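Requesting a structural model of the entry that follows:
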Amino acid sequence: MPKNNKTVILGVTASIAIYKACEIVRQLKKSDLTVKVIMTAEAEELIKPIVFQSLSGNCVYRAGVFSQPDAWEIAHISLAQEADLILIAPATANILAKLASGICDDLLTCTICASKAKVIIAPAMNENMWSNKITQNNVQKLIAYGYKFVLPQKGLLACGAVGSGCLADTEVIVKAVKKYL
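Residues are numbered from 1 along each chain as shown. Predicted coordinates:
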């Protein structure tokens, strides 16, 4: 089967739902998409980059904008140009706030800012964080800027309560990626 030749940049942030990002990578690869993962520094506290490297078959790009490159390239620019689509899953309240405010202080936010690719955001956080007025205002700003969302669902949260804020099902997220590609 010929390769699709489409590249998805997957931004992974520090939500307990990070384990679902592994299945997202698997499903995207199954659809013959190239997947390149950018992890925030906080995400690396929850899961090691080698997991995403093994699943994607590509090196994992890590937090720092000024990391020593393997080959001479400016990582956030080359990734931005390579991306057919950028998916952030799971997306924390922190990444939503940074994007809505135009803050570019790590590899993921700089790549998004430098890219003309469509961006899909799949939030995952505690219900109180998700329903917070500031978070909801940030979501509305991002929608107005053209970002697409796969909204969180209701389910069992990390704190043990049931509420909105659970990462959408991986199948729903992958379907949205295919739709926008």
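
list the contacts for the residue nearest the centre of the chain?
Closest to where the C-alpha atoms of the chain average out (Cα atoms, centre = their mean) is Ile88, at 1.6 Å. Going by Cβ atoms under 8 Å, 6 or more residues apart in numbering, Ile88 touches Leu10, Gly11, Val12, Thr13, Ile95, Leu108, Ile112, Val119, Ile120, Ile121, Ala122. The C-beta positions use only the backbone N, C-alpha and C, and glycine is treated the same way.

Just the ones in strands from those, please.
If you go by DSSP state E, the contacts of Ile88 have Leu10, Gly11, Val12, Val119, Ile120, Ile121, Ala122 in strands.

Next, format the residues you listed as a markdown table and append distance to Tyr145 and pLDDT.
A markdown table is the format used below for the ones in strands among the contacts of Ile88 (distance: Cβ to Cβ, whole Å; pLDDT from 0 to 100):
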| residue | distance to Tyr145 | pLDDT |
| --- | --- | --- |
| Leu10 | 20 | 98 |
| Gly11 | 16 | 98 |
| Val12 | 21 | 98 |
| Val119 | 9 | 98 |
| Ile120 | 13 | 98 |
| Ile121 | 11 | 98 |
| Ala122 | 17 | 98 |
